[in-house]
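Student: using only what follows, build the 3D model:
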Amino acid sequence: MSKEKIYTAQEVFDLCATYMNERHIEYIKKAYEMAAYVHRDQKRASGEPYIIHPVQVAAILANLKMDPDTISAGFLHDVVEDTNIISEDIRELFGNDVANIVEGVTKISKYKYKSHQQLLAANHRKMLLATAQDMRVIMVKLADRLHNMRTLQHLRPDKQRRIANETLEIYAPLADRLGISTIKWELEDLSLRYLNPQQYYRIVHLMNSKRAQREEYIQAAVKEVQKNIDQLHIKYDISGRAKHIYSIYKKMVEKHKQFEELYDLLAIRIMVNTVRDCYGVLGNIHAKWKPIPGRFKDYIAVPKVNGYQSLHTTVIGPQGRPLEVQIRTYKMHEVAEYGVAAHWAYKEGKKEKVNLDSNDHQIDVFREIMEIQEESSTDADFMENIKGDVFSDRVYVFTPKGEVLELPKGAVPIDFAYQIHTEVGNHTIGAKVNGKIVPLDYKLRNGDIVELLTQSNASPSRDWENLAYTTRARNKIKRYFKSVDRQKNIDTGRSKLERELLDRNLAPKNYLNKKALQTVLDRYNFATEEELLAAVGYGAVSVIGVVNRLTEAERQQAEQQKKAEYEEKIMHDDSNKDDTSADHHDTVIETDDREIHIQGVENLLIHMAKCCTPIPGDKIVGYITKGRGVTIHRDNCPNIQDESQTSRLIEASWGNVYNHQYLVRLEIFGFNRNGLLNDILQVVNKQTNMLNDVNGRMDHDRMAHVSLTVGVRNLEHLKDIMTKINNIPDVYDVKRVIN
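Tutor: Numbers count the residues shown, from 1 in each chain. Have a look, this model is predicted:
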């Protein structure tokens, strides 16, 4: 595929005509005509007609020789998101396959999320799960992203960096896992262009400045190779190729080398008909030039998990300079360029559809995606686990029988054990790597031969959850202990609830019964009492939260009774007041269960300011409003500091205040860790029975920012709550918010 060529719709049809019949061409023309009509009034950020984008997406798919349904979905992939067309319209006109592919690709921007990060994670999650059902979804998605990256210069710099970053984190690794190198390399190069333009253009300049010298060297090497291979009397094709920009950049960073120090920027690729010819050419090359030790890789005998096969060797070539040579069959080259797309390559009358039940290692990625989906509670967790387990750098290790297993870089023998089978992991007691005993936290390396030591009566250690690197292994270890500790957790949970009820002078038997617990089961979505108690036992559910729910009705009733008693007391006090009380310069006015002293004024309506939320103990002042009486502010409230307002200020003070809950907003800052929010909520719940409007987010550098509103009796009560929150590990600041 050319990176520069802009295809017309007719050129896409011509591409398809090289491998489709007339009926299928008419089918994809119908999809184009629909897309052109519904996008007719839309423009891209560049100012070009929007239809140019779906045409280029379809062209990318046609170059991959995708089937008619996928090409049609390429034309239509944005119509549900950006026009009035709905999925059912596509289903009626083009069938279930096209509709399902378009649905899988469509972004879920109609849903509202608290943050852009959550929206992005949810979008990626839907895309990956849809992909796991039909791989053509990701083919359209990758083509869509590739053309968007090619035209990224028309967006703002901040959008360019955000899109380039998610491309490098999600889409390029996914293309790599699927073996589609023709898309993977271009996505990586384009991402680097926007994420680190200085290095990108520096490498481009260095490559261009020595292009003539490199081309001369490659041509000389090709001629030498051709002389030798001609002696074998086989059919072959030979070409020179330069390293991609991102691969050069990555090598410079990882090996701490300058551009001039890299010697393997050039390679010769040789394609032949058979595997036998591959090894024949390899022997011929090694007979001509001396191979560099440690630089030979046989991906034919041991293919990469994404299906890639080839022989790689680096030799001391012409002029005594290192030269990399790649040797593969034509079929291997097709898989290397198009990966899993080669399985979907459409041929007249035949279309091979990949399914998840096959043993093809190329689609192991989708099995992993489905497993991680089952274990992830939120979109953000799902994406973090995907990036850690599926899209991270990989290591390839062997079983004692010579089978190859792929694991994320950083995996340990425990991950290897659970990759084989859950029961193997649960009964592992040790491991040998390359014949030697190693600790279970040993980091596996490429080519390691791993032998597991097991015993039938062995069981996992609780430390393993911290040792395991992959989400799959950690979740299986957690599941084991949840199962083993179920009864213990149930007993612990019941004991915790009983202790909390007794601390409140309440009888546990009145609350820990089937009827009372049913309301809590509904609140926390548990099916049985045992599930709830077990969750409380191992800390997944807050003890205080459950008890607050159990006692909610009684607490509300007690609050209403206390309020009624207070109102009755006020009425009694008013009836006994001396008539001379009005002579005082200071009058007591009650509003909303509060008592405020306003100097020299009576019979005014009083409001509590919402901007600074004064509470008993704060120094306060009254502000005479126009037509709304007096508003009580804290004396340092920014909203009453203007000199022009001083004439409206009036002295005020707290009277005999009723034991009321005053709402105060707090902001808490700390280092993000597992359980931090739960620790904060437990402390607050112990100090007050009014807690609402809780929000949390993670800022830069893993700093947590939690905001919440609490009910307090007075300033002393508030300070006590803030002190206790400040004492929580990893909390470094608590602030009272003034709007």
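Student: show me what residue 649 is bridged to.
Tutor: Counting by DSSP bridges, residue 649 forms beta bridges with residue 623.
Student: quick check: it touching residue 640?
Tutor: Yes: contact status for residue 649 versus residue 640: in contact at 6.6 Å, counting by CB atoms under 8 Å. C-beta coordinates here come from the backbone N, C-alpha and C atoms, glycine included.
Student: list the residues that contact both of those two?
Tutor: 621, 623 (CB atoms under 8 Å, 6 or more residues apart in numbering).
Student: who's more crowded, those two?
Tutor: Per other CB atoms under 10 Å, whichever of residue 649 and residue 640 has more neighbours is residue 640, with 20 against 15.
Student: so that one versus residue 624, what's the distance?
Tutor: Going from residue 640 to residue 624 by CB to CB, to the nearest Å gives 11 Å.
Student: now do the shared contacts for those two.
Tutor: residue 649.
Student: can you report phi and psi for residue 634?
Tutor: phi -70, psi 140 (degrees, to the nearest 10).
Student: who touches the residue nearest to it when sequence neighbours are not counted in this structure?
Tutor: Leaving aside its chain neighbours, residue 634 sits nearest to residue 612 (4.3 Å; criterion: CB to CB, 6 or more residues apart in numbering). Contacts for residue 612 were tallied using CB under 8 Å, 6+ apart; they are 633, 634, 636, 637, 639, 738, 739.
Student: what's the nearest residue to the fourth one if we skip its chain neighbours?
Tutor: Among residues not flanking residue 637 along the chain, residue 612 sits closest, at 3.9 Å (CB to CB, 6+ apart).
Student: how about the fifth one?
Tutor: Taking CB to CB, 6+ apart, and ignoring the residues beside it in sequence, residue 639 has residue 611 as its nearest neighbour in space, at 5.2 Å.
Student: quick one: buried residues of the helix or strand encompassing residue 218?
Tutor: For residue 218, the element it lies in under DSSP states H and E is helix 211-229. In terms of neighbour count (16 or more other CB atoms under 10 Å), helix 211-229 has its buried residues at 217, 218, 221, 224, 225, 229.
Student: in a markdown table: these, plus distance to residue 607 and pLDDT.
Tutor: Shown next, in a markdown table, are the buried residues of helix 211-229 (distance: CB to CB, whole Å; pLDDT from 0 to 100):
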| residue | distance to residue 607 | pLDDT |
| --- | --- | --- |
| 217 | 84 | 80 |
| 218 | 83 | 82 |
| 221 | 87 | 85 |
| 224 | 92 | 86 |
| 225 | 89 | 87 |
| 229 | 92 | 89 |
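Student: name the nearest of these relative to residue 629.
Tutor: Relative to residue 629, the closest of the buried residues of helix 211-229 is residue 218; by CB to CB it sits at 88.2 Å.
Student: go ahead and confirm the closest one touches residue 240.
Tutor: Yes: taking CB under 8 Å as the definition, residue 218 is a contact partner of residue 240 at 3.6 Å.
Student: identify the contacts common to the two.
Tutor: Contacts common to residue 218 and residue 240, judged by CB under 8 Å, 6+ apart, are 266, 268.
Student: got phi/psi on residue 241?
Tutor: The phi/psi pair for residue 241 (degrees, to the nearest 10) is phi -150, psi 150.
Student: what number of residues lie near it?
Tutor: 12.
Student: surely it touches residue 267?
Tutor: Yes: with contacts counted by CB under 8 Å, residue 241 reaches residue 267, the gap being 5.3 Å.
Student: related to what we said a few turns ago, check pLDDT for the contacts of residue 612 and point me to the minimum.
Tutor: Lowest in pLDDT among the contacts of residue 612 is residue 739, which has 65.
Student: ranges for the helices of the stretch 451-600 of the chain?
Tutor: Here the stretch 451-600 of the chain has its helices, by DSSP state H, counting those that start in this stretch, at 464-467, 471-484, 486-503, 514-524, 529-537, 543-550, 552-575.
Student: so which elements touch the first one?
Tutor: Contact partners of helix 464-467 among helices and strands, from 3 or more CB pairs under 8 Å, 6 or more residues apart in numbering; DSSP states H and E: helix 471-484.
Student: the helix it packs on vs helix 529-537, what angle?
Tutor: 120 degrees (axes from the mean of the first three to the mean of the last three CA atoms, to 10 degrees).
Student: quick revisit: what about the residue nearest to residue 634, which helix or strand?
Tutor: Counting by DSSP H and E, residue 612 is part of no helix or strand.
Student: ok, it to residue 8 distance?
Tutor: For residue 612, the distance to residue 8 - CB to CB - is 65 Å.
Student: same question for residue 499.
Tutor: Noted for residue 499: a distance of 75 Å to residue 8, by CB to CB.
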